[in-house]
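1. coords below, sequence missing:
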């Protein structure tokens, strides 16, 4: 999953909400990387990896281009 927060606070809020919802359903992360102020947070839930970017970092790393041939499962805007 690749998503964007408007700023570091938004990146952190998205990360916390995802972690809390999955934890309430018994799904715990295997690994976390990054910090909200770095502009990129990654959480590995095993079969799903969540990337949460601030806009400049998303533009820089361009993961969307890396995965542009993949079929989107869900697109939320």
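-> Noted; the coordinates are in hand. Just so it is clear, the model here is predicted, and its values are computed rather than measured.
2. by contact count, what packs against the lengthiest helix in the chain?
-> What stands out as the longest helix in the chain, according to DSSP state H, is helix 8-24. Applying 3 or more C-beta pairs under 8 Å, 6 or more residues apart in numbering; DSSP states H and E, one finds that helix 8-24 contacts strand 40-44, strand 49-53. Any C-beta I mention is one placed from the backbone N, CA and C, and that applies to glycine too.
3. partner strands of the last one and their direction?
-> When you say that, I think you mean strand 49-53. Here strand 49-53 is paired, per DSSP bridges, with strand 2-4 (parallel), strand 40-44 (antiparallel).
4. nearest to residue 67, of these?
-> Proximity to residue 67 (C-beta to C-beta) singles out strand 2-4 among the strands paired with strand 49-53, at 7.4 Å.
5. next one: the closest one to chain centre, how far?
-> Distance of strand 2-4 from its chain centroid, counting by C-alpha atoms, centre = their mean, to the nearest Å, is 5 Å.
6. in it, what counts as buried?
-> Judged by neighbour count using 16 or more other C-beta atoms under 10 Å, strand 2-4 contains no buried positions.
7. now do that strand: everything it contacts.
-> Defining contact as C-beta atoms under 8 Å, 6 or more residues apart in numbering, one finds that strand 2-4 is touched by 14, 50-55, 58, 63-64, 67.
8. again, only this time at 7 Å
-> 14, 51-53, 55, 58, 63-64 (C-beta atoms under 7 Å, 6 or more residues apart in numbering).
9. hey, which helix or strand in the chain has the poorest pLDDT?
-> Here the helix or strand of the chain ranked lowest by mean pLDDT, DSSP states H and E is helix 63-66, holding a mean of 90.
10. now tell me what touches that helix from outside.
-> 2, 51.
11. again, but for stretch 13-22
-> Against stretch 13-22 from outside (C-beta under 7 Å, 6+ apart): 3, 5, 29, 41, 43, 45, 50, 52.
12. give the contact list for the fifth one.
-> In other words, residue 43. 15, 19, 29, 32, 50.
13. mark which of those are buried, thanks.
-> Counted by 16+ other C-beta under 10 Å, the contacts of residue 43 give 15, 19, 29, 50 as buried.
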